[in-house]
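S.K.: Predicted model follows, preceded by the sequence.
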Amino acid sequence: MADEVNKYIEKRYERWLDYSRYHCSCAGIEDEATDVLNEVLCSLLQKPEKQLQSLYERKSGQYTELDYYILRMIKLNATSPTSPYQHKYRPLPVDANVDYSRLDIEDLPDEDYDRPGDVLEKTNQVREILCRLNLSEKARKVFEWRFFLNEKFRDWPGPETEKELFDLYYKAEKLIKEKLNGKTLF
């Protein structure tokens, strides 16, 4: 059945696109006619197959209920400001009275910031602090399991309960944060 609907969509696509162009031009969004139609078709194809089949099989003259449904949805999405399409893709409001050359906007060059390098540096700081802390071997391994390996405590290979693991992890995390914030000295 899905093949029949897909073939029908292929057959009718150009006519629906013309209809979409008309309503989009009336709504002042003529460049978005293809997007409106495609959004309508995407939402249509996500419906249950029985509903699609029912729309496809019900005829009304030379058209099917599927045609009428798609045409209604195109008109709605093109003209209604609360439609799914316009809600999803509405432009940001712009104040035409603002002189952007007079705004004091700080331009930060993105290419000077080395995000991976920064993450590596901070990770190494945490590793160094973890090594210097007076923690039990179990607490150190629990912290490494969760923080560095990003593993879940439910997958922990030891006999400890998740509550014990969380307690150990949060105590180690608290000590590391204190060291990072300078509250305690080495």
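M.R.: Ah, there it is. Numbers count the residues shown, from 1 in each chain.

S.K.: tell me the contacts of the residue lying closest to residue 176 once chain neighbours are set aside?
M.R.: Once flanking residues are discounted, residue 176 sits nearest to residue 129: 5.1 Å by Cβ to Cβ, 6 or more residues apart in numbering. Quick note: C-beta positions are derived from backbone N, CA and C, even for glycine. Contacts here follow Cβ atoms under 8 Å, 6 or more residues apart in numbering; on that basis residue 129 touches 176, 179, 180.

S.K.: and residue 129, that one's in a strand?
M.R.: No: counting by DSSP: H, G, I helix; E, B strand; the rest coil, residue 129 is not found in a strand; it is helix.

S.K.: any idea how far residue 78 is from it?
M.R.: Per Cβ to Cβ, to the nearest Å, residue 129 is found 58 Å from residue 78.

S.K.: Could you give the average pLDDT over the strand or helix carrying residue 72?
M.R.: Here residue 72 sits within helix 65-79, counting by DSSP states H and E. When pLDDT is averaged over helix 65-79, the result is 91.

S.K.: Stretch 82-89 too?
M.R.: In this model, stretch 82-89 has a mean pLDDT of 81.

S.K.: Show me which residues of it are buried.
M.R.: 83, 85, 86 (16 or more other Cβ atoms under 10 Å).

S.K.: leaving aside the residues next to it on the chain, what's closest to the first one?
M.R.: What sits nearest to residue 83 in space, not counting adjacent residues and going by Cβ to Cβ, 6+ apart, is residue 77, at 4.5 Å.

S.K.: So what's the residue count around the one you found?
M.R.: Using other Cβ atoms under 10 Å, residue 77 has 27 neighbouring residues.

S.K.: quick one: contacts for the nearest residue to residue 144 once chain neighbours are set aside?
M.R.: Counting by Cβ to Cβ, 6+ apart, residue 144 lies nearest to residue 130, which is 7.6 Å off, once chain neighbours are set aside. With contact taken as Cβ under 8 Å, 6+ apart, residue 130 is in contact with 140, 143, 144, 172, 176.

S.K.: can you check residue 11 too?
M.R.: Residue 11 touches nothing, counting by Cβ under 8 Å, 6+ apart.

S.K.: Since that was my last question, I'll sign off now.
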